[in-house]
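Asker: here is my input, please return the structure:
(2 chains)
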Amino acid sequence: KQEVTQIPAALSVPEGENLVLNCSFTDSAIYNLQWFRQDPGKGLTSLLLIQSSQREQTSGRLNASLDKSSGRSTLYIAASQPGDSATYLCAAAYGQNFVFGPGTRLSVLP
Amino acid sequence: DAGVTQSPTHLIKTRGQQVTLRCSPKSGHDTVSWYQQALGQGPQFIFQYYEEEERQRGNFPDRFSGHQFPNYSSELNVNALLLGDSALYLCASSLGGSPPGYTFGSGTRLTVV
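Answerer: Here you go, the predicted structure:
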């Protein structure tokens, strides 16, 4: 069964800290892996997409890595800001659909 | 360039009723996928439509059905609503045939009372 897990479930940090969100997937035969941000009650905003042949992607203060062999991806957020507070979801693409993790709820305190 | 549009944004239905949710894909996209997100959980795949046919389906009962129109827009229908169907329903569009780079809509919040 294809499953995605995320650690930690919730995280509260002071502003300015660098932080790492972890994602694990059981089936390494992914097409790609995508990180999303979700604000309360809202839809999903794509942050980074890593193709299966890639090792990492960067966008501004965000960096995501992918290790297919170990079934892991990490999202690194540098110099966190209160505006980064949201739920972060990782999703592994299998065939034509995504399998999502449960998310990490991030709170950045001013 | 319009993104993915979903309607309505919120609705409340009574247990046993039927509901139809609508989705217009991003311009240039031809594939629509539907996801259900219960409170505090990640989205769960319901089904995907491509070329007006259901191409793939997740582990959802037959009460959940859909349709795709020639203009690529899509509907999600849920019959005999249960309290457990209360969730955020997300529509995502992509360009079909290749592994997905989804664009998500803002969702429809369905409450079943």
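Asker: now the terminal residues of stretch A:32-49, how far apart.
Answerer: 7 Å (C-alpha to C-alpha, to the nearest Å).
Asker: can it be found next to chain B?
Answerer: Yes. Part of stretch A:32-49 sits near chain B under the criterion C-beta under 8 Å from any C-beta of the partner chain, namely A:32, A:34, A:36, A:41, A:42, A:43, A:44, A:45, A:46, A:49. To be clear about C-beta, it is placed using only N, CA and C from the backbone, and glycine gets the same treatment.
Asker: show me the contacts for the third one.
Answerer: When you say that, I think you mean residue A:36. By C-beta atoms under 8 Å, 6 or more residues apart in numbering or on different chains, the residues touching residue A:36 are A:44, A:45, A:46, A:47, A:88, A:89, A:90, A:91, B:104.
Asker: what is the last one paired to in the beta sheet?
Answerer: In this case it means residue B:104. Counting by DSSP bridges, residue B:104 is bridged to residue B:92.
Asker: check the second one too.
Answerer: Under DSSP bridges, the beta-bridge partners of residue A:45 are residue A:37.
Asker: so it touches residue A:59, yeah?
Answerer: No. If you go by C-beta atoms under 8 Å, residue A:45 and residue A:59 don't touch, sitting 11.7 Å apart.
Asker: what parts of chain B come near chain A?
Answerer: So far as C-beta under 8 Å from any C-beta goes, chain B lies against chain A at B:6, B:31, B:33, B:35, B:40-45, B:48, B:50, B:55-56, B:58, B:88, B:90, B:92, B:99-107, B:109.
Asker: pLDDT weak spots in chain A?
Answerer: Low-confidence segments of chain A, defined by pLDDT under 70: none present.
Asker: and with 90 instead?
Answerer: Across chain A, the ranges flagged by pLDDT under 90 are A:1, A:31, A:40-43, A:94-97.
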